[in-house]
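**Student:** Provide a 3D model corresponding to the input given below.
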Amino acid sequence: MKNCMTKISALLTALLVAISITALTSSQETQTIQHPQTKENLKLYPNTLDNLPDVPSPFTTKDGMEIVVAFMKNKKYALIPVTVANGSLNLQYGAEKIGKGKQLKIDADDFPTLVKIGLHSEKELDQTRSITGKSIAEITRIGRPEASSAAGFMSHDEDIISVLKGDNRLVQKLGLTHPQMAKPLFHVWNLILKEYELGNMGRYWDNIEYVLYNGLKIWFGEVHPTRGFQESIFNDEIKGAFQINFYRELGETEKSLLRKKYSHLNEEQTADFIKKLSHILMGEMEPYYVMRYGFYEGHTSYRVDPIAIAFIFGLKSIEEIENAFEGNLNKALTEHFTRENITLHPNCSISQ
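**Tutor:** Coordinates of the predicted model:
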């Protein structure tokens, strides 16, 4: 009798799973958005389109859904929902759960000005002794290379406050805010989460050739989950388990401008300069760090430089970026945020 009940239970479980999968697939297949001009119904991913849809990318619907247009490896186009929002951790990854989590959270307890205007107050940063209840000395210690991670979250000569200040000044110079910087990074991560949800993420992922963003093509290099999770250097729930590599190619006008402005650089220096400007290697921790703390990591391999974000995603043109740094763009992309460098820089603090 016990064996019979066990078999019945197993059959019922299998049936419920099958019904759930069918319902999910049906929901995904019928989900549509309305074209903003023609009012035509356009099916969302995993459905694909033969031709490039005539919609902006990114695009926000009337009900707040954020969508990007992707060009798939099968030469089809897809409209992929990537809305930045707080969400559940409902996808299994090993022994852990992954998902959107708290994408809209900003650390109001430590940085009230950041919440109000999207930028730090340097006065607040000067007075900061701890973040999320952890001392800045401890965050700096575990954030340097070969401590909590091999690559580190900042270089040996940087500390958490000097890095926060340095990047706050870069973002301010660009005329942007930290939430504006975080959004395209979240769009990339949410796109990958969608692929993971649909079962398209194996040891490596290369289902999408490029994403259109503000009229530009964002290409993907290697994207893959790692064997374990990286713990945060703050007292928070943020963890990382993915490596995400993306870039965009410079147009001829952009190349010409940089060659003219930086003709003093040799071939090797020019190649390094352009790579720092147009390539990003990150994990999924970085968009949460940028949104929550205005932290882009220091000058390590996982840095999501604000200048590179603005350039790659078309938040600012190369002319606007170059004008903001007046011939010092290569230096702005490479100079470490040491206490000495930050002190010597002109004061561009935000008033409270």
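
**Student:** residues in contact with stretch 164-174?
**Tutor:** 119-120, 122, 125, 177-178, 181, 293-296, 305-307, 310, 315-316, 320-321, 324-325, 332, 337, 341-342, 345, 348, 350 (C-beta atoms under 8 Å, 6 or more residues apart in numbering). All C-beta atoms are positioned from the backbone trio N, CA, C, and that covers glycine.

**Student:** That stretch: how far from the chain's middle?
**Tutor:** A distance of 17 Å separates the centroid of the chain from that of stretch 164-174, by C-alpha atoms, centre = their mean, to the nearest Å.

**Student:** re earlier: among the contacts of stretch 164-174, name the buried ones.
**Tutor:** Burial by neighbour count, judged by 16 or more other C-beta atoms under 10 Å, picks out 119-120, 122, 125, 177-178, 181, 293-296, 305-307, 310, 315-316, 321, 324-325, 332, 337, 342, 350 from the contacts of stretch 164-174.

**Student:** From the residues you listed, which land in helices?
**Tutor:** With DSSP state H as the criterion, helices contain 122, 125, 178, 181, 293, 306-307, 310, 321, 324-325, 332, 342 from among the buried ones among the contacts of stretch 164-174.

**Student:** Next, name the residue at the spatial heart of this structure.
**Tutor:** Nearest to the mean C-alpha position of the chain, by C-alpha atoms, centre = their mean, lies residue 185 at 2.1 Å.

**Student:** ok, that one touching residue 282?
**Tutor:** Yes: Residue 185 is in contact with residue 282 according to C-beta atoms under 8 Å; the separation is 7.0 Å.

**Student:** shared neighbours of the two, which are they?
**Tutor:** If you check residue 185 and residue 282 against C-beta under 8 Å, 6+ apart, the residues they both contact are residue 304.

**Student:** Low-confidence stretches in the chain?
**Tutor:** 1-30, 203, 343-352 (pLDDT under 70).

**Student:** Remind me which helix or strand residue 97 belongs to.
**Tutor:** Element membership for residue 97 (DSSP states H and E) is strand 96-98.

**Student:** which parts of that strand are buried?
**Tutor:** For strand 96-98, a neighbour-count test (16+ other C-beta under 10 Å) marks residue 98 as buried.

**Student:** where's that strand relative to the chain centroid, distance-wise?
**Tutor:** 18 Å.

**Student:** Give me the residues contacting that strand.
**Tutor:** 89-92, 193, 196, 229, 239, 241, 284.

**Student:** C-terminal to it, what's the next element?
**Tutor:** helix 112-117.

**Student:** Give me the contacts around that following helix.
**Tutor:** Contacts for helix 112-117 (C-beta under 8 Å, 6+ apart): 106-108, 119-121, 124, 177-178, 293-294, 350, 352.

**Student:** ok, now stretch 74-82?
**Tutor:** 33, 42-53, 55, 58, 65-72, 186-188, 190-191, 194, 208.

**Student:** again, only using 6 Å
**Tutor:** 42, 44-45, 48-49, 52, 65-68, 70-72, 187, 190-191, 194 (C-beta atoms under 6 Å, 6 or more residues apart in numbering).

**Student:** Quick check: buried residues in it?
**Tutor:** Buried residues in stretch 74-82 (16+ other C-beta under 10 Å): 77-82.

**Student:** Convert the C-alpha atoms of that stretch to CSV, please.
**Tutor:** The C-alpha coordinates for stretch 74-82 follow below in CSV (Å, rounded to 0.1, in the frame of the first residue of the first chain):
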residue,chain,number,x,y,z
ASN,A,74,19.7,32.4,-35.1
LYS,A,75,19.6,35.8,-37.0
LYS,A,76,16.2,36.6,-35.5
TYR,A,77,15.2,39.7,-33.4
ALA,A,78,13.7,39.5,-29.9
LEU,A,79,12.0,42.0,-27.6
ILE,A,80,13.3,41.1,-24.1
PRO,A,81,11.8,42.4,-20.9
VAL,A,82,14.6,43.8,-18.6
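
**Student:** and that stretch, how far from the chain's centre?
**Tutor:** Worked out by C-alpha atoms, centre = their mean, stretch 74-82 lies 19 Å from the chain centre.
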